[in-house]
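Asker: Below: sequence and its predicted model.
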Amino acid sequence: MSLPETRQPIAVRPHLLPSAILTVITIPIIVLEALRWVQATGPVGSIDFYLFGPTGGNLLTGHWASVYSDPRNQAGPFELITYGSAYLLHIHTVVGWVIFFTVVSTILAFAAILVLSIVRGTAPRTPSWFLALAVCALVVVASYIPSAVFLGHPADIAIPLLWLVAGLLARGRFFVACGVVIALSAGWEVWGVLGAPVILLVTKPGLVRAALGGIAGLVVLFVPFIATGVFAMFRFNWPIESNSVFHALTPALTDFPWSLRLVQAVVAVGAGCAVALLTRASRYAIWLVPIAILAFRLSLDPVLAQYYWYAAAIVAIGLLAHLVQERRWILAFAAALAVAAFATPLANFIGAIVFAILTLAVAILVYVHRSRASLTV
């Protein structure tokens, strides 16, 4: 007779101080990155700011009927609040934008370092822990966070972090909280709901409780805007790039409507569920499930902008730090190569398909050798 699963504690306090110290150390890198972006393309940054800024301003000033009246607005309330704040503060100088990007990036950097360190679950007492955290801090901050903020899509950093938190909550059997956190990830961009398979990281998950928590979160986030009667988000169509999978399958198709987004979502969620069921006995499952979801989402995307890869990179960096901590150097080297590839021309549609296939292959290998794995996070 098997013993019932018990809640696993989630330690936060031991990680706060070293995470804060590493975040402070990386602030000069953030400032230099922000300055480089501003000088390279102008103070305002991404063209998305011209939409997210005024729209976020409408949200913050109570003009909710205008928030989703433009179908081009695919950002969630949290992303709009971020850039709406800059809009209402009338930031227009180089110095002002550098300060804004630095503040937002520093907050995200601290969140990333803290979450990725907690997921690894080891008390910060050994040199390998600090080495792993340093790898995590420097690569995340130097390569991805400032550019995600500048391009107008911090969601690609925030969403995978929230999925990891939801995975921890699932493993602790806090199912309602897990559902709420997944809903909060959709508050950055609606594709955050794809993180639902993390609930399967444990046996006998509380699916109903997680669903209720998630639905409640989504209602709070979006119903106020839907209730205005002007909610045009789902009318938007994306262009289909000539080298995408969908173009190869249907060459005559030029627009990618939300109906095809649902197809993409089904495939990504299905892959996440499969990997969760294959690997949940492994301590690496909490990384592999989000990576699988993101890999299959990328492989079926019609546009595949460069910043789409940042979400996968953040989780892969966490896995890299975990492997460094455990001194699994060959696997860590392979993970480092994957992270490096995300910022190169390899980050294209073919690369996304290869990434998805490799992720599924790793999940199968973990399943085959599951007797050697432990359930520790």
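Answerer: Done, it's in. Residues are numbered from 1 along each chain as shown.

Asker: CA only for contacts and neighbour counts going forward, please
Answerer: Will do.

Asker: residues of the longest helix along the chain that come out buried?
Answerer: Counting residues, the longest helix in the chain under DSSP state H turns out to be helix 13-41. When neighbours are counted by 16 or more other C-alpha atoms under 10 Å, the buried residues of helix 13-41 are found to be 15-16, 18-20, 22-23, 26-27, 29-31, 33-35, 37-38.

Asker: worst-scoring helix or strand of this structure, pLDDT-wise?
Answerer: The helix or strand with the lowest mean pLDDT-type score in the chain, counting by mean pLDDT, DSSP states H and E, is helix 127-143 (a mean of 69).

Asker: those strands in this structure, which residues are they?
Answerer: Secondary structure of the chain by DSSP state E: the strands cover 238-239, 255-256.

Asker: Show the secondary-structure elements that the first one is packed against.
Answerer: Strand 238-239 is packed against strand 255-256, with contacts defined by 3 or more C-alpha pairs under 8 Å, 6 or more residues apart in numbering; DSSP states H and E.

Asker: Pull the residues that contact the strand it packs on.
Answerer: The list of residues contacting strand 255-256 from outside it, by C-alpha atoms under 8 Å, 6 or more residues apart in numbering, reads Asn237, Trp238, Pro239, Ile240, Pro302.

Asker: Which of those sits closest to Val104?
Answerer: Comparing those against Val104 with C-alpha to C-alpha picks out Trp238 as the nearest, at 28.0 Å.

Asker: Could you check the pLDDT of that closest one?
Answerer: The confidence metric pLDDT takes the value 95 at Trp238.

Asker: residues near it, how many?
Answerer: Close neighbours of Trp238, defined as other C-alpha atoms under 10 Å, add up to 15.

Asker: Measure how buried the nearest residue to it once chain neighbours are set aside is and give me the count.
Answerer: For Trp238, ignoring the flanking residues on the chain, the nearest one in space by C-alpha to C-alpha, 6 or more residues apart in numbering is Phe256 at 4.8 Å. Around Phe256 sit 19 other residues, with neighbours defined as other C-alpha under 10 Å.

Asker: hmm, back to that, dump the strands of the chain to a markdown table, plus distance to Val180.
Answerer: Rendered in a markdown table, the data for those read as follows (distance: least, C-alpha to C-alpha, whole Å):
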| stretch | distance to Val180 |
| --- | --- |
| strand 238-239 | 29 |
| strand 255-256 | 29 |
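
Asker: And the residue nearest to Trp238, how close does it get to Ile330?
Answerer: As defined by C-alpha to C-alpha, to the nearest Å, Phe256 lies at a distance of 40 Å from Ile330.

Asker: Out of the strands of the chain, the one nearest Gly53 is which?
Answerer: Gly53 lies closest to strand 238-239 among these, at 21.1 Å (C-alpha to C-alpha).

Asker: Now Arg171. Nearest residue, chain neighbours left out?
Answerer: When the adjacent residues along the chain are set aside, Arg171 lies closest to Val202, with 5.8 Å between them (C-alpha to C-alpha, 6+ apart).

Asker: how many neighbours does the one you found have?
Answerer: Residues near Val202, counting by other C-alpha under 10 Å, number 19.

Asker: Please verify my assumption that it contacts Ala170.
Answerer: Yes: counting by C-alpha atoms under 8 Å, Val202 touches Ala170, with 6.9 Å between them.

Asker: most centrally placed residue in the chain?
Answerer: Nearest to the mean C-alpha position of the chain, by C-alpha atoms, centre = their mean, lies Pro160 at 2.4 Å.

Asker: which phi and psi does Leu346 have?
Answerer: Dihedral angles of Leu346 (phi, psi; degrees, to the nearest 10) stand at phi -70, psi -20.

Asker: And the pLDDT at it?
Answerer: Confidence at Leu346, expressed as pLDDT, is 81.

Asker: list the contacts for Ala86?
Answerer: Applying C-alpha under 8 Å, 6+ apart as the definition, the contact partners of Ala86 turn out to be Gly53, Phe100.

Asker: One more: Leu300?
Answerer: Ser244, Val245, Phe246, Gln264.

Asker: Pick the one among those closest to Phe78.
Answerer: Each of the contacts of Leu300 was scored against Phe78 by C-alpha to C-alpha, and Gln264 proved nearest at 23.7 Å.

Asker: State the distance from the closest residue to Leu319 other than its chain neighbours to Leu221.
Answerer: Beyond its immediate neighbours in the sequence, the residue positioned closest to Leu319 (C-alpha to C-alpha, 6+ apart) is Trp287, lying 6.2 Å away. With distances defined as C-alpha to C-alpha, the gap from Trp287 to Leu221 amounts to 27 Å.
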